[in-house]
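Participant: Build me a structure from this.
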Amino acid sequence: MDYFKKLLDLLKIEREEDKQSYIKLTESTSVSERRAAGISWYPIAIRGSEMSRGDYLTVEVERTTHHDVSHQLRSGSPAVLFSNHDPGKDRVEGTISYQSGNRLKITLKTDELPEWSRDGKLGIDVLFDDNSYDEMQSALKAASTRAEHEEQGRLVRVLTGNKEPSFREDVYTPVFPSLNSSQQEAVGKILAAGEIAIIHGPPGTGKTTTLVKAIKALVDQEHKKILVVAPSNTAVDLLSEKLSEEGLNVLRVGNPARVSERLTALTLDSKMSGHSRMKEMKNLRKQANEFKNMAHKYKRQFGKSERDQRKALFDEAHRIMKEVGNSEQYIIDDVVARAQVITATPVGANHYTIREVTYGTVVIDEAGQALEPACWIPILKAEKVVLAGDHFQLAPTIKSAEAARNGLAHTLLEKCAHIHPEAVVLLEEQYRMHASIMGYSSQVFYQGRLQAHESVGKRVLFPGDIPLAFIDTAGCGFEEKLQGTSSTNPEEAVFVFKHLTQLVQELVTKGYTQDNFPSIGVISPYKQQIALLQEQLQHSPFLQTFGSSISVNTIDSFQGQERDIIYISMTRSNSDGDIGFLADIRRMNVAMTRARKKLVVIGDSATLSVLPFYADFITYAEGLDAYKSAWEFVESV
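Facilitator: Reported below is the predicted structural model:
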C-alpha cells in the first residue's frame, strides 16, 4: 500500500539521520563529554547481580557522581557496560531492564561478570536504539499487509482514509456529573465508535479527566482489555494513577518516570512480587546462584575432574534457571490476564511480557506528539482506536529535516482529524486561563469555540491587574546576537528580569508572602537565551528569596505544565525581519497557554510583525489595552 511505503521510506531517512548524529556524538568524544550529553553514566559501582531469563546476567549498578546530570538511559534501551582500563576491548552489551533515580539494572548478554569488571572504573553507555526502529518498521509492514484483508484490515483502511468510520446509535452513555457537556459528548463518541474516536483537547480542557471516565465506561460495557499508550513516560504515569484511582486493575509496563508508592504498586515487578508463586521462584533463583558461585570457585588452572565438576555445577544452575523461567512466565501471564487496563509507551506495547495480548480498544494519549510509525505498534493489537491530544501544540521530535518536511511531522491525529471530522469532539471549556489569555489562542487555533470556566475566566493576581501584556522593545536597541546556533538577546534578558522584579515588588505590597506566592515561569524558544535568563535570576538576590516559585526553561519543557504568571522572552530583534523558528506558531501556542492569571510577552514588534500571527496578536493586545512600549518602563525600571 503506497501509504505505508511512503512512511517506511521516511522512517528509513529518520533512522539514518538519528544514527549518524549518535555516531557523531559518541565516536570521537571522551567519556566526560558523553556523560554531559546524557548518554553515559560514569563512574558507576556494581551493587549486585543475579541470573535472569535465558541464562543472562542482570547487574544492578549505581551512578556514584554527577547525580544532577540529566540522561537518556531508560528501561528497554540497549546499552554497554565498559571499563575505562581498555574501553575499546573491555565492554559487554545488554539491555537496561530497570532504571530509577541513580540506580539501574542491565541484563548483559553473558552468564558471568567479565574479569575486567574488577579493573579500572566502570561506566554504562546507552547504544543507538535500533530496536525501536525495527519495531516501527515491522508494524508499518504488518499494517500494509493487513489493509489488504477485508475484515481484519477495516481499522487500517479507516485510519488511512480508505473507508468511512462507523458509529453505533444504540449505545448507552452513562452520565458523569463531574463532566461538562463537551466532555460528556466525548465519552459518548468513544463508546459509540466502531473504529475511531478523536478527542481534541486544547490546553486546560480536562482531556485526562475525560479519558479516564471514558476508559472506565468502556471496561464496564465491553468487558475487554484496554491498552493505553502515550509517547512520554510522564503522561503514561499520570493516566496509570488516575485509572487506578477509578478502581480499575491497571498494569504499568515499563519503568515509571516518577517514583511514587502508588505508581510502583502498578508495575509488573511489584505485582509479581506479591504473587503466591513468587516465594518458590525466589528459592529456585537462590539455588541457581549458589551452584553458579560454587562453579566460579574453580580457578583456571585445574584438571579434568575439576573441569567436569565445574561443568556439572553450571549445567545444574542452567537447569534450575529454566525452571525459574517457566515459573516467571506463569506469574507474568497470570498478572497480565487479571489486568483490565495495560499502560505503556507505544514501543513498550510490544514488550515481551505483553507482545501477544490483544485489546478491545487502544487509547493513544498525547497523540499530537506521537510519531505515526510508533502509533501503528499498539493499533495493530486492537479493534478500535481513540486518539486524544491537540495537533495545535508541540509536534513530535524529528531529527531529520528532510523526513519532517516530507510528511513525518504530520501525526496520525492530525491526518485523521482532517479526513474524519465526524469522529472529532473538541473539548470547549478550559479550566486554566483568564479569558483574555485564552482569547487569542481560541481565535487562531480553535475557531473561537473555547470558553473559560467561570472559576478561572476573570481570575487575576489582584483587583485591577491586567492579565495580558505585550511589551514592545522596538526602537530600544535590544539587538539579537548569534551564540553558536542559538539566538540570544542580552538586553532583553536584563529587561525581562527588571520588569519581573517590579511585578514581584508590587505583589509583595499587595500582601503576597513566600508562603502563598504565585508560581512564575520565564520561558523562551531559544536555549542560549534561557542560559542568559538563568544567569539574570542568579544575580538577583531579591528574586532568589522567592526561588522555589520561579522557574526558567524552554517552551518545550513547559508542555503540559502551567504557572500563575508566564513571561515569554521572544529574543529575535533584527532589521531583516528574520524570526527563525518563531514561525512555528504551534510552539508559541504552547507558550502562551501556560499562564493562569498573567501572561507577559516581551519582543520587538518590528521584527515579529513580519508574520501575521504576531501582527494579529499585537492588535489583539491593543484591543484589550494590553500593549505597552518598553520605553514606558525604562525610566521606572
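
Participant: center of the chain - which residue?
Facilitator: Centroid-nearest residue in the chain: residue 232, 2.2 Å away (criterion: CA atoms, centre = their mean).

Participant: quick one, what contacts residue 429?
Facilitator: 180, 182, 183, 205, 206, 450, 451, 452, 453 (CB atoms under 8 Å, 6 or more residues apart in numbering). Placement of C-beta: from N, CA and C, glycine included.

Participant: ok, and the closest non-adjacent residue to the fourth one?
Facilitator: Spatial nearest neighbour of residue 205, excluding adjacent residues (CB to CB, 6 or more residues apart in numbering): residue 427 at 3.7 Å.

Participant: Surely that neighbour and residue 209 touch.
Facilitator: No: at 9.7 Å, residue 427 does not count as touching residue 209 under the criterion of CB atoms under 8 Å.

Participant: And the strands in the stretch 101-250 of the chain, which stretches?
Facilitator: Remark: strands assigned in the stretch 101-250 of the chain by DSSP state E, counting those that start in this stretch are 103-108, 122-126, 196-200, 226-229, 250-252.

Participant: now those strands in TSV, with mean pLDDT, mean neighbour count and distance to residue 550?
Facilitator: Listed next are these as TSV, based on pLDDT from 0 to 100; neighbours: other CB atoms under 10 Å; distance: least, CB to CB, whole Å:
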stretch	mean pLDDT	mean neighbour count	distance to residue 550
strand 103-108	94	21	31
strand 122-126	94	22	32
strand 196-200	98	27	33
strand 226-229	98	26	34
strand 250-252	97	26	33
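
Participant: Adding distance to residue 548, write these out as JSON lines.
Facilitator: Listed next are these as JSON lines, based on distance: least, CB to CB, whole Å:
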{"stretch": "strand 103-108", "distance to residue 548": "27"}
{"stretch": "strand 122-126", "distance to residue 548": "32"}
{"stretch": "strand 196-200", "distance to residue 548": "34"}
{"stretch": "strand 226-229", "distance to residue 548": "33"}
{"stretch": "strand 250-252", "distance to residue 548": "30"}
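
Participant: Identify the residue nearest the residue nearest to the centre of the chain in space, chain neighbours excluded?
Facilitator: In space, residue 232 is closest to residue 366, 6.4 Å off (CB to CB, 6+ apart).

Participant: where does the stretch 251-400 of the chain dip in pLDDT?
Facilitator: 298-302 (pLDDT under 70).

Participant: If we use 90, what do you get?
Facilitator: Residues of the stretch 251-400 of the chain meeting the criterion pLDDT under 90: 254-262, 269, 273-328, 352.

Participant: ok, now the stretch 401-550 of the chain?
Facilitator: Using pLDDT under 90, the stretch 401-550 of the chain drops low at 475, 477, 482-486, 514-515, 544-548.

Participant: repeat for the stretch 101-250 of the chain
Facilitator: For the stretch 101-250 of the chain (pLDDT under 90), the answer is 101, 109-120, 148-152, 233-234.

Participant: so who does the closest residue to residue 371 other than its chain neighbours touch?
Facilitator: With sequence-adjacent residues excluded and distances taken as CB to CB, 6+ apart, residue 371 is closest to residue 396, at 4.6 Å. When contacts are counted by CB under 8 Å, 6+ apart, residue 396 touches 231, 369, 370, 371, 408, 409, 411.

Participant: separation between the nearest residue to the third one once chain neighbours are set aside and residue 251?
Facilitator: For residue 370, the nearest residue in space outside its immediate sequence neighbours is residue 231; the separation is 4.4 Å by CB to CB, 6+ apart. The spacing between residue 231 and residue 251, counted by CB to CB, to the nearest Å, is 19 Å.

Participant: can you check residue 587 too?
Facilitator: 35 Å.

Participant: What average pLDDT does the helix or strand residue 23 falls within get?
Facilitator: For residue 23, the host element (DSSP states H and E) is helix 2-27. In this model, helix 2-27 carries a mean pLDDT of 94.

Participant: now it against strand 122-126, angle please.
Facilitator: 150 degrees (axes from the mean of the first three to the mean of the last three CA atoms, to 10 degrees).

Participant: Among the contacts of residue 429, which lie within helices?
Facilitator: The helices, defined by DSSP state H, take in 182, 183 from the contacts of residue 429.

Participant: list residues touching both of residue 427 and residue 209?
Facilitator: residue 183.

Participant: Neighbour count: these two, which is higher?
Facilitator: Between residue 427 and residue 209, counting by other CB atoms under 10 Å, residue 427 is the more crowded of the two (26 against 18).

Participant: Can you name the residues that contact the more buried one?
Facilitator: Per CB under 8 Å, 6+ apart, neighbours of residue 427: 182, 183, 186, 199, 200, 201, 202, 205, 206, 207, 210.

Participant: again, only using 10 Å
Facilitator: 179-180, 182-183, 185-186, 199-202, 204-207, 209-210, 388, 390, 446, 449-450 (CB atoms under 10 Å, 6 or more residues apart in numbering).

Participant: repeat for residue 245
Facilitator: Per CB under 10 Å, 6+ apart, neighbours of residue 245: 212, 262.

Participant: From residue 86, how far off is it?
Facilitator: To residue 86, residue 245 is 52 Å away according to CB to CB.

Participant: next one: residue 541
Facilitator: For residue 541, the distance to residue 86 - CB to CB - is 50 Å.

Participant: Just the CA atoms of stretch 511-526, as PDB, please.
Facilitator: Listed next in PDB are the C-alpha coordinates belonging to stretch 511-526 (Å, rounded to 0.1, in the frame of the first residue of the first chain):
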ATOM      1  CA  GLY A 511       0.100  41.100  50.600                       C
ATOM      2  CA  TYR A 512       1.700  38.100  48.900                       C
ATOM      3  CA  THR A 513       4.300  36.300  51.100                       C
ATOM      4  CA  GLN A 514       6.700  33.400  50.400                       C
ATOM      5  CA  ASP A 515       4.100  31.000  51.700                       C
ATOM      6  CA  ASN A 516       1.400  32.000  49.200                       C
ATOM      7  CA  PHE A 517       3.500  33.500  46.400                       C
ATOM      8  CA  PRO A 518       2.200  32.900  42.800                       C
ATOM      9  CA  SER A 519       4.200  30.500  40.600                       C
ATOM     10  CA  ILE A 520       6.200  32.100  37.800                       C
ATOM     11  CA  GLY A 521       7.600  30.700  34.600                       C
ATOM     12  CA  VAL A 522      10.100  32.600  32.500                       C
ATOM     13  CA  ILE A 523      10.400  30.900  29.000                       C
ATOM     14  CA  SER A 524      12.000  31.400  25.600                       C
ATOM     15  CA  PRO A 525      12.200  29.400  22.500                       C
ATOM     16  CA  TYR A 526      16.000  29.700  22.500                       C
END
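
Participant: just how off-centre is it within its chain?
Facilitator: 24 Å (CA atoms, centre = their mean, to the nearest Å).

Participant: just stretch 321-332 next, same as before
Facilitator: Counting by CA atoms, centre = their mean, stretch 321-332 comes out at 32 Å from the chain centroid.

Participant: So which bits of that stretch are buried?
Facilitator: In terms of neighbour count (16 or more other CB atoms under 10 Å), stretch 321-332 has its buried residues at 321, 324, 325, 327, 328, 331, 332.

Participant: what does it rub up against?
Facilitator: Contacts of stretch 321-332 (CB under 10 Å, 6+ apart): 51-56, 111, 268, 271-273, 275-278, 280-285, 287-289, 291-292, 352-354.

Participant: Are any of those buried, and if so which?
Facilitator: 51-52, 55-56, 111, 268, 271-272, 275, 281, 284-285, 287-289, 291-292, 353-354.

Participant: Can you verify my assumption that residue 25 contacts residue 399?
Facilitator: No: applying CB atoms under 10 Å, one finds residue 25 not in contact with residue 399, separated by 11.6 Å.

Participant: hang on, the earlier thing: farthest pair in the contacts of residue 429?
Facilitator: 183 and 452 (15.4 Å; CB to CB).

Participant: more neighbours, those two?
Facilitator: Ranked by neighbour count (other CB under 10 Å), residue 183 and residue 452 place residue 183 first, with 25 against 22.

Participant: Contacts only, for the more buried one.
Facilitator: So residue 183 contacts 176, 199, 201, 205-207, 209-211, 213-214, 425, 427-429 (CB under 10 Å, 6+ apart).
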